[in-house]
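A.B. asks: Mind folding the following:
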Amino acid sequence: MGVDLESVSEATSGAIGSLLSTTILYPLDTCKTKYQAEARAHGQQKYRKLTDVLWEAISTRQVLSLYQGIGTKNLQSFISQFVYFYGYSYFKRLYMEKSGFKKIGTKANLIIAAAAGACTAVITQPLDTASSRMQTSAFGKSKGLWETLTEGSWSDAFDGLGISLLLTSNPAIQYTVFDQLKQKLLMRNKNGAEKTAVTLSAFSAFVLGALSKSIATFLTYPAIRCKVVIEAADTDDDETKKSQRKSKKTISAVICAIWKREGIFGFFKGLHAQILKTVLSSALLLMIKEKIAATTWVLILAIRRYLFLTRGRLKST
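C.D. replies: Here you go, the predicted structure:
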């Protein structure tokens, strides 16, 4: 089976968009993650609002620490988005070829998006866990990627995999909503204009990306909060307590801890920060992806033609 160049084009443009959006918004992501990871104990809370994290970095002269783990995060983001967009594009095309349908229904789209998300979660979970631990470490005390990955057992690197698989519903909902809204908008533009609209404008892609991600984030946020707490760095220096980390950070244990300490609203702590960060990130990602998709496709075809001609010359000699 040959390489699906159209899927490669989709994956490449999506990965580049993810890389740029992650880099631009990384300080906000660090503040958001540290704020979400904090669990209230005995009524005490270090961060009462998102800006408290930023103020801590400024007051302790650790502003650059807002970028701790950015290399790992970018690597995870690039790989995950490449795998996701390739799988999503490939599965959609395969479904349409096998079924003979010209359009994909909402249910089929959700299943395809979830399947692509599951593949992504399994492949990139160690990097996801490492980046979360690096972000939630005390400012200036973050470890390197290799040290973070090897400080526990191999299974520790897959902390949160179960809940990550559950959260495949998030991008599934997001991209399904985005695709459906995109098709309707392009169809309306096609009917109302002389020329067919092939791609969305930057503004339209931004708005649709923001709207689709807001819906997905709100529906899945309790699981997102639990995932951050599970993957967060252990800030307790007591070795006995550290040895109990695994039993404390199972999904059921985290749910019980949040419920007892913070009540039902604890599952929505940081929702506004999550929406702000993820909506901006996803909107930027989809906007960049839409604008560079055509260029990426042309470059891939040019590279393919170059390789084909080069191979032909070598055979002739």
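A.B. asks: C-alpha only now, for contacts and for neighbours.
C.D. replies: Will do.
A.B. asks: mind listing the helices for the protein?
C.D. replies: Taking DSSP state H, the helices of the chain run over residues 5-24, 26-37, 50-59, 70-99, 106-136, 145-150, 161-166, 169-192, 202-231, 239-243, 245-248, 251-262, 271-316.
A.B. asks: so can I have JSON lines of those showing mean pLDDT and mean neighbour count?
C.D. replies: As requested, the helices of the chain are arranged in JSON lines below (pLDDT from 0 to 100; neighbours: other Cα atoms under 10 Å):
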{"stretch": "helix 5-24", "mean pLDDT": "78", "mean neighbour count": "23"}
{"stretch": "helix 26-37", "mean pLDDT": "89", "mean neighbour count": "24"}
{"stretch": "helix 50-59", "mean pLDDT": "89", "mean neighbour count": "15"}
{"stretch": "helix 70-99", "mean pLDDT": "85", "mean neighbour count": "20"}
{"stretch": "helix 106-136", "mean pLDDT": "86", "mean neighbour count": "22"}
{"stretch": "helix 145-150", "mean pLDDT": "78", "mean neighbour count": "14"}
{"stretch": "helix 161-166", "mean pLDDT": "86", "mean neighbour count": "19"}
{"stretch": "helix 169-192", "mean pLDDT": "78", "mean neighbour count": "18"}
{"stretch": "helix 202-231", "mean pLDDT": "85", "mean neighbour count": "21"}
{"stretch": "helix 239-243", "mean pLDDT": "43", "mean neighbour count": "10"}
{"stretch": "helix 245-248", "mean pLDDT": "48", "mean neighbour count": "13"}
{"stretch": "helix 251-262", "mean pLDDT": "86", "mean neighbour count": "16"}
{"stretch": "helix 271-316", "mean pLDDT": "76", "mean neighbour count": "17"}
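A.B. asks: ok, now how distant is Cys31 from Glu97?
C.D. replies: Separation of Cys31 from Glu97 (Cα to Cα, to the nearest Å) stands at 45 Å.
A.B. asks: Please apply the same query to Ser9.
C.D. replies: From Ser9 to Glu97 the distance is 19 Å (Cα to Cα).
A.B. asks: go on, Gln183?
C.D. replies: 19 Å.
A.B. asks: One more: Leu127?
C.D. replies: 34 Å.
A.B. asks: contacting residues for the spatially most central residue of the chain?
C.D. replies: For the chain, the residue nearest the mean C-alpha position is Ser77 (6.4 Å; Cα atoms, centre = their mean). Taking Cα atoms under 8 Å, 6 or more residues apart in numbering, we find Ser77 in contact with Ala15, Ser18, Leu19, Thr22.
A.B. asks: Just name the closest of those residues to Arg93, please.
C.D. replies: Ala15 (19.2 Å; Cα to Cα).
A.B. asks: Switch the contacts of Ser77 over to TSV; also include distance to Gln68.
C.D. replies: As requested, the contacts of Ser77 are exported to TSV (distance: Cα to Cα, whole Å):
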residue	distance to Gln68
Ala15	21
Ser18	18
Leu19	16
Thr22	13
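A.B. asks: can you name the two of these that are farthest apart?
C.D. replies: Checking the contacts of Ser77 with Cα to Cα, the most distant pair is Ala15 and Thr22, at 10.4 Å.
A.B. asks: which residues sit against stretch 114-131?
C.D. replies: Identification of contacts with stretch 114-131 by Cα under 8 Å, 6+ apart yields 69-70, 72-73, 75-76, 79-81, 83-85, 87-88, 91, 145, 148-149, 157-161, 164-165, 168-169, 171-172, 231-232.
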